[in-house]
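Visitor: model this:
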Amino acid sequence: MRHFISMVFPLLVITGLQVSAQSGGGRPERSANRHYRSELTVSNGRAWGSWGHKEMCPVGMYATGFSLKVEDPVATGDNTALNGIRLHCVYTANGVASSYTNYASVGSDVGSWGVWRDIKWCPSGFLTAFQLKVEKPQGSGDNTAANNIQFKCGSGSTLLGEGTKWGDWGGWSQTCLGKGICGIKTRVELPQGNKDDTALNDVRMYCCN
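Guide: Next up is the predicted model:
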């Protein structure tokens, strides 16, 4: 339980000094209305909170990495576990993480607690499917909802997030129809004051050609 009010906002971060040089002379712009070919969902997300806005990679870019905002477990008190997910988008997935100096980071709504973990990059290809680890409802106990996520890359390898221990893995989402994941929308519960907080509850991904 928490005792302060926090606002939740969509995120767009452009990272690296070479963005304009490799994007036709201008900074990539967020493409909230970018056309997508398919929507990826999972069945084990929780229903607390409300859906944020869909946030898309800039046109021509696709997600090849991700990072998580996670609150470390606390022995006594209110745990929220997974609070946020960012997608890191590039034009070409070359599999060399150190070379990704030109990428755009996009995210939908984010919870109020935790810190951002390091980016995890696909060794080859773009993100194409995901799986969510979610804790079942605890009744009057401490609910955490979503705890972790992992993705499949176009090469067939998987990337496991640095989430927390509670919950169980659900089934995999569908695999992208299109080139790769290009957008995200999250379901986040706002701070509940003296009541139980869960932060991030569910997520949807979008795929583009």
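
Visitor: where does residue 139 land in three-state SS?
Guide: Classification of residue 139 using DSSP: H, G, I helix; E, B strand; the rest coil returns coil.

Visitor: Tell me the pLDDT of it.
Guide: pLDDT for residue 139: 74.

Visitor: Give the burial count for it, as a bare number.
Guide: Residue 139: 6 surrounding residues under other Cβ atoms under 10 Å. The C-beta positions use only the backbone N, C-alpha and C, and glycine is treated the same way.

Visitor: distance of it from residue 71?
Guide: Distance of residue 139 to residue 71, given as Cβ to Cβ, to the nearest Å: 21 Å.

Visitor: Residue 184 too?
Guide: Taken as Cβ to Cβ, the span from residue 184 to residue 71 is 20 Å.

Visitor: If you count surrounding residues, which of these two has more?
Guide: For the pair residue 184 and residue 71, the greater number of neighbours falls to residue 184 (28 against 20), based on other Cβ under 10 Å.

Visitor: Just list whatever residues bridge to the more buried one.
Guide: The partner list for residue 184 in beta bridges (DSSP bridges) reads residue 55, residue 205.

Visitor: OK, contacts around it?
Guide: Each residue near residue 184 by Cβ atoms under 8 Å, 6 or more residues apart in numbering is listed here: 54, 55, 85, 87, 106, 107, 108, 203, 204, 205, 206.

Visitor: pLDDT score assigned to it?
Guide: The score at residue 184 is 97. That number is its pLDDT.

Visitor: Can you report how many residues neighbour residue 141?
Guide: A total of 9 residues lie near residue 141 under the criterion other Cβ under 10 Å.
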